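Novice: Give me the fold of what follows.
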Amino acid sequence: MKIIEPVTTKEFDQYYALRWRLLRAPWKQARGSERDADDESSTHLMVLDNSNTLIGVGRLHFNSIREAQIRFMAIDYPKQRKGIGTRLLQALEARAVEHGASRITLDARETAMGFYRKLGYSPQGPGHTLFNSIAHVKMKKEL
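Specialist: Down below sits the predicted model:
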């Protein structure tokens, strides 16, 4: 397994396709809904398995000079609960530290709160509800 930044058009196409398939398609959202205006100024990481198949994605952007935010993090279903998400999160955190962040925020789906708590994130209050059905919780970690 390796974690890389997508560089080529093909890598970005694969990255966004997985992001859409895991985070938008199950709720019948259109292609393109997996992207937002912060994508251009963000750090994107992708996880490849030993056969170079894409199995995970995550994005880091800065809200301020010291606060980074993780968004669009997902691991393909058959690969979940194998430590891949932990490694991806740690890689995103390392990038945040390299660029001067002292804290990271994220909006975790309620079903993922345990994962983030285990890795040092604390709930800060309710977040948004995506597609009128996916409740989120704002979480933070001091680096």
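
Novice: In terms of secondary structure, what does the helix or strand hosting residue 59 contact?
Specialist: For residue 59, the host element (DSSP states H and E) is strand 54-62. On a contact count with 3 or more C-beta pairs under 8 Å, 6 or more residues apart in numbering; DSSP states H and E, strand 54-62 meets helix 9-23, strand 43-48, strand 67-75, helix 84-98. Every residue, glycine included, has its C-beta placed from N, CA and C.

Novice: just these: most buried one?
Specialist: When those are scored by mean count of other C-beta atoms under 10 Å, the highest mean neighbour count falls to strand 67-75 (a mean of 22).

Novice: ok, residues contacting it?
Specialist: 18-19, 22-23, 34, 38, 47, 55-63, 84-85, 88-89, 92, 96, 99, 101-107 (C-beta atoms under 8 Å, 6 or more residues apart in numbering).

Novice: beta partners for residue 58?
Specialist: On the basis of DSSP bridges, residue 58 is bridged to residue 45.

Novice: and the gap between it and residue 95?
Specialist: 10 Å (C-beta to C-beta, to the nearest Å).

Novice: Now do the shared contacts for the two.
Specialist: Contacts common to residue 58 and residue 95, judged by C-beta under 8 Å, 6+ apart, are residue 45.

Novice: What does the residue sitting furthest away from the middle of the chain show for phi and psi?
Specialist: No residue in the chain has its C-alpha farther from the mean C-alpha position than residue 51, which lies at 22.0 Å (C-alpha atoms, centre = their mean). Note on residue 51: its backbone torsions stand at phi -100, psi 20 [degrees, to the nearest 10].

Novice: Could you check how far it is from residue 85?
Specialist: Distance from residue 51 to residue 85, by C-beta to C-beta: 19 Å.

Novice: Would you format the helices and strands packed on strand 54-62 as TSV with mean pLDDT and distance to residue 112 included?
Specialist: Formatted as TSV, those follow (pLDDT from 0 to 100; distance: least, C-beta to C-beta, whole Å):
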stretch	mean pLDDT	distance to residue 112
helix 9-23	97	12
strand 43-48	98	16
strand 67-75	97	9
helix 84-98	97	9
